Each structure stands twice: as structure tokens, then as C-alpha cells.
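Asks: What shape does this take:
(chains A, B, C and D)
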There are 2 protein chains.
Amino acid sequence: MPKVSQAHLDARRQQIIDAARARFATHGFARTSMADIVTGSGLSNGAIYRYFTSKEEIVVAVCEQAGDGLPQELTTEAVNGFLEHIRTLARDADHARLVAQIYAEAAVSPPLAALVRDQLAALRAAVAELVLARRGLDRGRDRDRDRDAERVAEAFVALCAGYNQQLAIRGDVDPAPYTAALMAIVEE
Amino acid sequence: MPKVSQAHLDARRQQIIDAARARFATHGFARTSMADIVTGSGLSNGAIYRYFTSKEEIVVAVCEQAGDGLPQELTTEAVNGFLEHIRTLARDADHARLVAQIYAEAAVSPPLAALVRDQLAALRAAVAELVLARRGLDRGRDRDRDRDAERVAEAFVALCAGYNQQLAIRGDVDPAPYTAALMAIVEE
DNA sequence: TCAAGAAAAACGAGGGGTCGCTCTTTTTAT
DNA sequence: ATAAAAAGAGCGACCCCTCGTTTTTCTTGA
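Replies: Have a look, this model is predicted:
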């Protein structure tokens, strides 16, 4: 029987993830040492290895949290929600940097690539739904319309990712050209 | 003394850079060891440190080569050259992966960020030029037109970068949605 | 012959991961 | 009820390995 509550265990685990994410965003995965995570989390080395069996497992956990939940945010918002979302992104340069690290790692790590691919697919699906809704259509009615929405979603998501990337490198990027471009893509 | 020509020295240096780039693209910067570069280049440890004083210097050299020359390619092509360029990109997934590594590193390394920022600015300038040309305008004639072209270039470059990023992670991505979106952006 | 350039060995630092220990909490036997 | 015992949670020193770099040794062509 557990000595402490499950909530406590979850909190500890989250504590580790939070510390790791903060460091990952500013220093990258490779330049973040276990000692950094130990210090940042306020726990000890041994304690951390009680919750994660390796550094890589921490990386995966951070990646999952960073990408999940994004489609839900989108679909629950209004039709124009994604435009607002862009402005939310602009505030958090650290998040943008983290995402850049994740994508780079995914490019050279098959398991992480699989994870990110799934997240991207879910995101595109959510956007495609929004596009159809905006056009007053239901999915599954017209094959060609669906295909077109998917194409739009493909470019849409890529442009958002591209914006994120620019943000990660250049720090402050005016969102205006992007919102305009997104509108042009959706209404092409 | 076996004095060798400058051309030979340059070739050796390039030999190192090529080996490093290949490994960087498939394994990332951190997971590429000096031993990997030594083996890949066919040279020796001591030889490499004769041409570069540190690993970081090799990284910088690879980044420079990866980004320079791109604007020239664009401007020397026809007005619609960038669309063709997209399809060229699609062939080289390794290059896409390399660029993902570079951007991630730039996000956490100020000197590299400065380098990449300059490259991006040059690229945007070249694209803006193309956009103006496509619209039958000269730069410097109309302030508003120029500004608009810069805005278009901003989104344009970001979308290309986004496409590259998707390519790096997902391997095969249909370029069609991107060419369509790029047209929509330019002609918005 | 001799210096320049390449190869190879060696080094110090720092990395991730392990292990035995302590302390607290829960169980159990009297 | 209470003390002994068991088990979980956390700790931190330590191990071994790999890395980037330096130093030493060998090759070679003028």
C-alpha cells in the first residue's frame, strides 16, 4: 500500500517534468544534464530515477505534454479560434524554443518522430474540421471538399509551426503577416 | 616539407565539413562525436584539429554553408522559381533534418541565432524582391507596396521553413498543398 | 636530413545511471 | 495499545564510460 497519495506521486512527477521542460527550452536536450534537472526540481538524483528510468523517458514525457491538448484547445474555440491562438503563441518564446528542440530531436529519433507525427496528424484533423465548419460543411459529405480541407490544414499547420520556429530564433516576430497569410490559405 | 597547395587545404577542410554535415543531419549535433567526424572524413583526429580549433567551429561552418547561397539561387531563378525550389527541397530529406538541427541549436545559442537571423533576413529580402517583380513593381517606388511585399515574404519564408520542418519529421510530405498556399499568400 | 603534417595514444572533465543508506509511515504480533 | 518489523520514498556519493581536446610519435617529401 502506498505511503503517500497518488496525487502526491503525480505532483512529484510533474515537478520533475516542469524543471526539465524549463531547462530543455533554454539549453536544449543535450546541454541539459541530469544534475540540472535535479537542482531545478529540488529533488535528488535517486528520487528522480524512482519516477523515470532514464533521461530519455523524461524527454518523451516533456514532448507528450508539449503537444497533447493542442487539438482540444482548437476545436473547443470558435471558428476563428486559431487566429487567437497564434497571438497566444507569440507570448511564450520559451515554448517556441522547446518546440524547436522537440522537432529537431524527432528528426533524428524514430520513436520521437512517431509521437510527433501523431500529434501533428491530430492537429491537422482538428484544423480540417474547423475549416469545414467555417465553410458551413460537414465532414464526410463530399470527398473532394474533405480532401481540400485536409490540404488547407496541411499548409495551415505548417505555417503555424513555421511561425513558431521563427519565434524561437528571432524572439519577436510580428504576427500580423501570419494571420493574414492564414486567412488567405483558408479562403483560397 | 610536404607543402601542399591552398586548393588542397581547402579541399581537406571541405572534406571535414561534408562528413560532419552528413552525420549532423542523421544524428544531430550532440549525438555526433568527433570520432564520428574523424571516421567519416577518412582523416585523423590530429588532422581535423589542424583545420578547426573546436567542434563548435565545425558546427558553425556547416551552418554557414547550409544557409548561404540560398538567396542567390532564388533571385537568379525565374519569377516562379521559388515554387520549383520547393520541389527541390522535397528530394533532400537529409537537408531538411539538418536544417531542423540548425534551427533548434540557434534557438538556444545566441551566436548561432545571429547567424541564422541574418540568413533569414537575406532570404526574406530576396523573396520580397521576387514578389515585387511578380507584381510588376520596383522596390523603393511605393512605401506601402514595399511593406506589403515584406509581409508577404515573412509568411512565405516561414511557410517554406515549415514545410522543411514537416519534411524532416514525416519524411514524405506532398508539396502540392504548399505550392497552393504559397500562391495564395503571394496573390492575397 | 629535417621540418611539416598526419596518426595515435592519453588525459581530464563531465555525463548518465547505480547502490547502499536513512527516515518516515504503515503493518503486525503480542 | 504499542513496540517491533517491514516497506516505501528520498538522498547523495560514487562508478564507469564517453567526450572533446592535447600531447606524443611516426611518416614523408623537399
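Asks: count of neighbours near A:Thr53?
Replies: Here the number of neighbours of A:Thr53 (other Cβ atoms under 10 Å in any protein chain shown) works out to 9. The C-beta positions use only the backbone N, C-alpha and C, and glycine is treated the same way.
Asks: go on, A:Phe52?
Replies: A:Phe52 is flanked by 18 other residues according to other Cβ under 10 Å.
Asks: With A:Ala161 instead?
Replies: Residues near A:Ala161, counting by other Cβ under 10 Å, number 24.
Asks: For the closest residue in space to it that isn't next to it in sequence, report the pLDDT, please.
Replies: In space, A:Ala161 comes closest to B:Gly162 once its chain neighbours are excluded; the distance is 4.7 Å by Cβ to Cβ, 6 or more residues apart in numbering or on different chains. pLDDT for B:Gly162: 95.
Asks: Beyond the helix or strand containing B:Gly162, next helix or strand please.
Replies: Under the criterion DSSP states H and E, the helix or strand holding B:Gly162 is helix B:143-170. Using DSSP H and E, the helix or strand that directly follows helix B:143-170 along the chain is helix B:176-186.
Asks: Look up how far B:Arg97 lies from the residue nearest to A:Ala161.
Replies: As judged by Cβ to Cβ, to the nearest Å, B:Gly162 and B:Arg97 stand 15 Å apart.
Asks: For chain B, see how far away A:Arg21 is.
Replies: Counting by Cβ to the nearest Cβ, to the nearest Å, the gap from A:Arg21 to chain B is 13 Å.
Asks: Checking that residue next. Helix, strand or coil?
Replies: Classification of A:Arg21 by DSSP: H, G, I helix; E, B strand; the rest coil places it in helix.
Asks: hang on, isn't it packed against A:Leu98?
Replies: Yes: counting by Cβ atoms under 8 Å, A:Arg21 touches A:Leu98, with 6.4 Å between them.
Asks: can you list the weak-confidence ranges in chain A?
Replies: A:1-4, A:73-84, A:87, A:89-90 (pLDDT under 70).
Asks: Please state the backbone phi and psi of the closest residue to DNA strand D within it?
Replies: DNA strand D sits closest to A:Gly46 of chain A, with a gap of 2.3 Å, by Cβ to the nearest atom of the strand. Per-residue torsions, A:Gly46: phi -60, psi -40 (degrees, to the nearest 10).
Asks: residues near it, how many?
Replies: 8.
Asks: Then A:Ala100?
Replies: A count of nearby residues for A:Ala100, using other Cβ under 10 Å, gives 28.
Asks: where's it, which helix or strand?
Replies: With DSSP H and E as criterion, A:Ala100 is part of helix A:93-108.
Asks: give the contact list for the closest residue to A:Ala25 other than its chain neighbours.
Replies: Residue nearest to A:Ala25 in three dimensions, not counting chain neighbours: A:Leu98, with 4.0 Å by Cβ to Cβ, 6+ apart. For A:Leu98, the contact set (Cβ atoms under 8 Å, 6 or more residues apart in numbering or on different chains) comprises A:21, A:24-25, A:62, A:66.
Asks: Make sure A:Arg97 is actually in contact with B:Val108.
Replies: Yes: under the criterion of Cβ under 8 Å, A:Arg97 makes contact with B:Val108 at 6.4 Å.
Asks: The two: who's more crowded?
Replies: Just comparing A:Arg97 and B:Val108: by other Cβ under 10 Å the higher neighbour count belongs to A:Arg97, 25 against 22.
Asks: domains for chain A, by residue range?
Replies: Domains of chain A are assigned by automatic domain parsing as A:6-55, A:68-186.
Asks: Can I get stretch A:108-118 in CSV, CA atoms only?
Replies: The C-alpha coordinates for stretch A:108-118 follow below in CSV (Å, rounded to 0.1, in the frame of the first residue of the first chain):
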residue,chain,number,x,y,z
VAL,A,108,16.8,12.1,-35.8
SER,A,109,14.9,9.8,-33.3
PRO,A,110,12.3,7.4,-34.8
PRO,A,111,10.3,6.8,-31.6
LEU,A,112,10.0,10.6,-31.0
ALA,A,113,9.2,11.1,-34.7
ALA,A,114,6.3,8.7,-34.3
LEU,A,115,5.0,10.6,-31.3
VAL,A,116,5.2,14.0,-33.0
ARG,A,117,3.7,12.6,-36.3
ASP,A,118,0.7,11.5,-34.3
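Asks: before we move on, the earlier item: buried ones in the helix holding B:Gly162?
Replies: Using 16 or more other Cβ atoms under 10 Å in any protein chain shown as the test for burial, helix B:143-170 gives B:145-146, B:148-170.
Asks: same check, this time on stretch A:56-67
Replies: A:58-63, A:66-67.
Asks: if you look at those, which of them are in helices?
Replies: A:58-63, A:66-67 (DSSP state H).
Asks: can you put those in CSV and add distance to A:Val127?
Replies: As requested, those are exported to CSV (distance: Cβ to Cβ, whole Å):
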residue, distance to A:Val127
A:Ile58, 30
A:Val59, 27
A:Val60, 25
A:Ala61, 26
A:Val62, 24
A:Cys63, 20
A:Ala66, 18
A:Gly67, 14
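Asks: coming back round to it: the contacts of A:Leu98: which ones sit near DNA strand C?
Replies: Among the contacts of A:Leu98, no residue lies close to DNA strand C (Cβ under 7 Å from any atom of the strand).
Asks: Give me the contact status of the strand or helix carrying A:Tyr49 with DNA strand C.
Replies: Here A:Tyr49 sits within helix A:45-51, counting by DSSP H and E. Yes: using Cβ under 7 Å from any atom of the strand, a contact is recorded between helix A:45-51 and DNA strand C, made by A:45-46, A:49.
Asks: between these, which is nearest A:Ala121?
Replies: A:Tyr49 (33.0 Å; Cβ to Cβ).
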